[in-house]
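Novice: here is a sequence together with a model predicted from it:
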Amino acid sequence: MDITLYYTHRTRALRPRWLLEELELPYRLHPIDLFGGEGRSAEYRRIHPHGSVPAMEIDGSVMIESCAMCHWLSDRYPEKQLAPELDSPARMAYEQWVFYVPGTLEPLAFQILLHSMLLPEEQRVPDMVPWATRGYRSVLKILNRELENRDYIAAEQFTTADILLGSTLMWLPDMLQNHPALLAYSERLQQRPAYQRAATDPSPDA
């Protein structure tokens with residue numbers, strides 16, 4: 001399988017890169033200067049119509065959406081055991097948490113970042129931050145309870161659900177301080193060699 005990952009450091013593109021490292025698949029990393037405007041170029045929009053990252057070219061076909069990439073790749077390589085089999089008792093929980101991340105956790109975290117850091121100051125809506133923060137803290141309490149007595153979110157072993165959940169929790173690390181199970185979970189995931197390889201900044205001057 002020939003894979004090219006279009007990638008910007010410190011974005012959702014970490015998710016498929018981390019998974020590719022866990023799967024031990026060869027791939028090419030194609031850095032995109034997203035914040036410098038490269039995503040708006042006509043050339044890149046032919047790859048990703050929204051001009052965002054990640055995009056992944058697999059044997060000549062392009063896929064977008066980080067969670068979709070991870071879901072597909074995990075099922076494509078069942079021998080790697082990063083997704084429970086369809087008839088496994090753990091599959092229901094796995095699917096739940098895979099979709100919980102983009103559906104419930106990520107939108108709140110992104111609103112906090114968007115209106116406190118990412119948008120130009122004149123475009124921010126300050127009232128969004130406390131509203132999203134309250135919701136995010138509520139979600140963190142639920143996740144902390146889920147992880148109080150186990151190491152991984154969806155099964156007895158590490159799965160792709162942990163990549164999606166863990167990478168999103170890392171967006172706002174300071175908010176984990178009052179949630180010891182989540183803090184330990186995040187630290188445990190960051191010790192994985194595949195994560196450490198994936199989190200390396202590929203830019204020449206890094």
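Specialist: Received it, and whenever you're ready, just let me know what you need. Numbers count the residues shown, from 1 in each chain.
Novice: for the longest helix belonging to the chain, what is the average pLDDT?
Specialist: In terms of residue count, the longest helix belonging to the chain (DSSP state H) is helix 128-146. Taken as a whole, helix 128-146 has a mean pLDDT of 98.
Novice: okay, now residue 130: neighbour count?
Specialist: 11 (other C-beta atoms under 10 Å). (C-beta placed from N, C-alpha, C; glycine too.)
Novice: correction: the previous question concerned residue 23.
Specialist: Close neighbours of residue 23, defined as other C-beta under 10 Å, add up to 20.
Novice: kindly report the same for residue 66.
Specialist: Neighbours of residue 66 under the rule other C-beta under 10 Å: 26.
Novice: ditto for the one 10 residues further on
Specialist: Residue 76 sits with 13 neighbouring residues when counted by other C-beta under 10 Å.
Novice: next, the contact list for it, please.
Specialist: Listed by C-beta atoms under 8 Å, 6 or more residues apart in numbering, the contact set of residue 76 is empty.
Novice: please report how far it lies from residue 65.
Specialist: Per C-beta to C-beta, to the nearest Å, residue 76 is found 15 Å from residue 65.
Novice: before we move on, what SS does the residue of the chain positioned farthest from its centre have?
Specialist: Within the chain, the residue lying farthest from the chain centre (C-alpha atoms, centre = their mean) is residue 122, at 28.3 Å. Secondary structure for residue 122, judged by DSSP: H, G, I helix; E, B strand; the rest coil, is helix.
Novice: do the same with residue 62
Specialist: Recorded secondary structure, residue 62: strand (three-state DSSP).
Novice: identify the bridge partners of it.
Specialist: Beta bridges link residue 62 to residue 57 when assigned by DSSP bridges.
Novice: so what pLDDT did it get?
Specialist: You'll see residue 62 listed with a pLDDT of 98.
Novice: tally of neighbours for it?
Specialist: Other residues lying near residue 62 total 14 when counted by other C-beta under 10 Å.
Novice: gap between it and residue 30?
Specialist: For residue 62, the distance to residue 30 equals 12 Å [C-beta to C-beta].
Novice: what do you get for residue 86?
Specialist: For residue 86 relative to residue 30 (C-beta to C-beta), the value is 33 Å.
Novice: between these two, who's got more neighbours?
Specialist: Neighbours per residue (other C-beta under 10 Å) separate residue 86 from residue 30, with residue 30 holding more: 17 against 9.
Novice: just give the closest residue to the more buried one, not the sequence neighbours.
Specialist: In space, and not counting its chain neighbours, residue 30 is closest to residue 6: 4.9 Å by C-beta to C-beta, 6 or more residues apart in numbering.
Novice: then the longest helix of the chain to PDB, C-alphas only?
Specialist: What follows is helix 128-146 as a C-alpha-only set of coordinates in PDB (Å, rounded to 0.1, in the frame of the first residue of the first chain):
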ATOM      1  CA  MET A 128     -18.100  31.300  24.000                       C
ATOM      2  CA  VAL A 129     -15.100  30.400  26.200                       C
ATOM      3  CA  PRO A 130     -16.900  30.000  29.600                       C
ATOM      4  CA  TRP A 131     -19.800  28.300  27.900                       C
ATOM      5  CA  ALA A 132     -17.600  25.800  26.100                       C
ATOM      6  CA  THR A 133     -15.400  25.400  29.200                       C
ATOM      7  CA  ARG A 134     -18.400  24.400  31.300                       C
ATOM      8  CA  GLY A 135     -19.400  21.800  28.800                       C
ATOM      9  CA  TYR A 136     -15.900  20.500  28.400                       C
ATOM     10  CA  ARG A 137     -15.400  20.100  32.100                       C
ATOM     11  CA  SER A 138     -18.700  18.100  32.300                       C
ATOM     12  CA  VAL A 139     -17.400  15.800  29.500                       C
ATOM     13  CA  LEU A 140     -14.000  15.400  31.300                       C
ATOM     14  CA  LYS A 141     -15.800  14.200  34.500                       C
ATOM     15  CA  ILE A 142     -17.600  11.500  32.600                       C
ATOM     16  CA  LEU A 143     -14.400  10.400  30.800                       C
ATOM     17  CA  ASN A 144     -12.500  10.400  34.100                       C
ATOM     18  CA  ARG A 145     -15.000   8.000  35.600                       C
ATOM     19  CA  GLU A 146     -14.700   5.800  32.600                       C
END
